[in-house]
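Student: my questions concern the predicted model and sequence given below.
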Amino acid sequence: MSKLEDMQNLLNRATALEELQRVTEHLREHYQVNHVVYHWVNSVGERFGCGTYTTDWIDRYLEKDYLHIDPVIHGCFQRFNPVDWKSLDWSSKPARAFMKEAIEFGVGTQGYTIPMRGPNGQFALFTMNHTCSDEDWAAFIDKQQRDLILVAHGFNQRALAMEEGVFPLATPSLSPRELSAMTLLAKGKSRAQAADEMSISEHTLRVYIESARHKLGAMNTTHAVARSLAIGIIVV
């Protein structure tokens, strides 16, 4: 059995967001690309995501409200077929500035995104990106396109199953330190204040926050705190 088949089996067995997160990490390693990301908006407008973008980039994306600028989002929302980023309109000054900053945060210069739609307005994107020449990227996509489409729809099937309650979402088990970090942030403490109260460095605090974020399947720190409160693992 190939490594890709192993990952597809892992994906088919996923019963929680953190398990989908692990699959994105395995896929990045398997294909040797910069990033693999899956994110979706469910039928009631809630956003979820998993992938290998850094927390710094996700936080920056939300802080700058890049959702309203991102040519990938706008281009894919209007399409049903896979989209190579080079085919999108990057001509505006905001779009060019957005891409420049994305690259500075480690996002690849090449990208391939598969848009998907589900019942009741569910919308999802599966993205793989890398830094290489146009020729190498075209050859990579030509070779891997079929598998990438299968994997993308595998992600979407699992997300829909979670939403529809085919199986219960597992409640993540956070360590005492992770719970403390989430609780202090939920109380409105800054990272510096939280680190001081826990008697640790900000770097160590960041490790706990990032670990909790992955376990919670959260897109960013704010989402991690919100999900911790929503499922009742922290109380403020």
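Tutor: Received the coordinates, thanks. Numbering: from 1, shown residues only.

Student: any idea how far Glu202 is from the residue nearest to Leu205 when sequence neighbours are not counted?
Tutor: If the residues on either side of it in the chain are set aside, Leu205 comes closest to Ala195, at 4.2 Å by C-beta to C-beta, 6 or more residues apart in numbering. Any C-beta I mention is one placed from the backbone N, CA and C, and that applies to glycine too. As for Ala195, its distance to Glu202 is 5 Å (criterion: C-beta to C-beta, to the nearest Å).

Student: more neighbours: which of those two?
Tutor: Ala195 (20 against 13; other C-beta atoms under 10 Å).

Student: would you mind measuring from that one to Ala226?
Tutor: If you go by C-beta to C-beta, the gap between Ala195 and Ala226 works out to 21 Å.

Student: Ile114 contacts Ala152, doesn't it?
Tutor: Yes - between Ile114 and Ala152 there is a contact at 4.1 Å, judged by C-beta atoms under 8 Å.

Student: residues that sit against both of those two, list them.
Tutor: Phe126 (C-beta atoms under 8 Å, 6 or more residues apart in numbering).

Student: where's the residue nearest to Leu205, which helix or strand?
Tutor: Secondary structure from DSSP states H and E places Ala195 in helix 191-198.

Student: could you name the helices and strands sitting against that helix?
Tutor: helix 176-186, helix 202-216 (3 or more C-beta pairs under 8 Å, 6 or more residues apart in numbering; DSSP states H and E).

Student: who touches the last one?
Tutor: With contacts defined as C-beta under 8 Å, 6+ apart, helix 202-216 is touched by 17-18, 21, 55, 172-175, 177-182, 185, 191-192, 194-195, 198, 220-221, 223-224, 227-228.

Student: ok, now which ones touch Ser228?
Tutor: By C-beta under 8 Å, 6+ apart, the contact set of Ser228 is Leu174, Met182, Ala186, Ala212, Leu216, Ile234.

Student: for the residues you listed, which one is nearest Asn129?
Tutor: Comparing the contacts of Ser228 against Asn129 with C-beta to C-beta picks out Leu216 as the nearest, at 23.9 Å.

Student: burial measure for the closest one, as a count.
Tutor: Per other C-beta under 10 Å, the neighbour tally for Leu216 reads 26.

Student: do the same with Pro94
Tutor: Neighbours around Pro94, by other C-beta under 10 Å: 12.

Student: ditto for Ala97
Tutor: Counted with other C-beta under 10 Å, residues neighbouring Ala97 total 13.

Student: next one: stretch 114-125 to chain centre, how far?
Tutor: Between the centre of stretch 114-125 and the centre of its chain there are 15 Å (C-alpha atoms, centre = their mean, to the nearest Å).

Student: so what touches it?
Tutor: With contact meaning C-beta under 8 Å, 6+ apart, stretch 114-125 is reached by 37-43, 72-73, 76-77, 79-83, 113, 126-127, 148-149, 152-153, 155-156, 159-160, 163.

Student: state the distance from Ile233 to Thr55.
Tutor: Counting by C-beta to C-beta - Ile233 and Thr55 are separated by 20 Å.

Student: just the contacts of Ser228 now: which is nearest Leu88?
Tutor: Leu216 (31.1 Å).

Student: shaky segments in the protein?
Tutor: By pLDDT under 70, the weakly predicted segments of the chain are 1-4, 42-47, 119-121, 163-171, 219, 236.

Student: who's in contact with the residue lying farthest from the centre of the chain?
Tutor: Centroid-distance maximum for the chain: Ser199 at 30.5 Å, with C-alpha atoms, centre = their mean. Counting by C-beta under 8 Å, 6+ apart, Ser199 touches no other residue.
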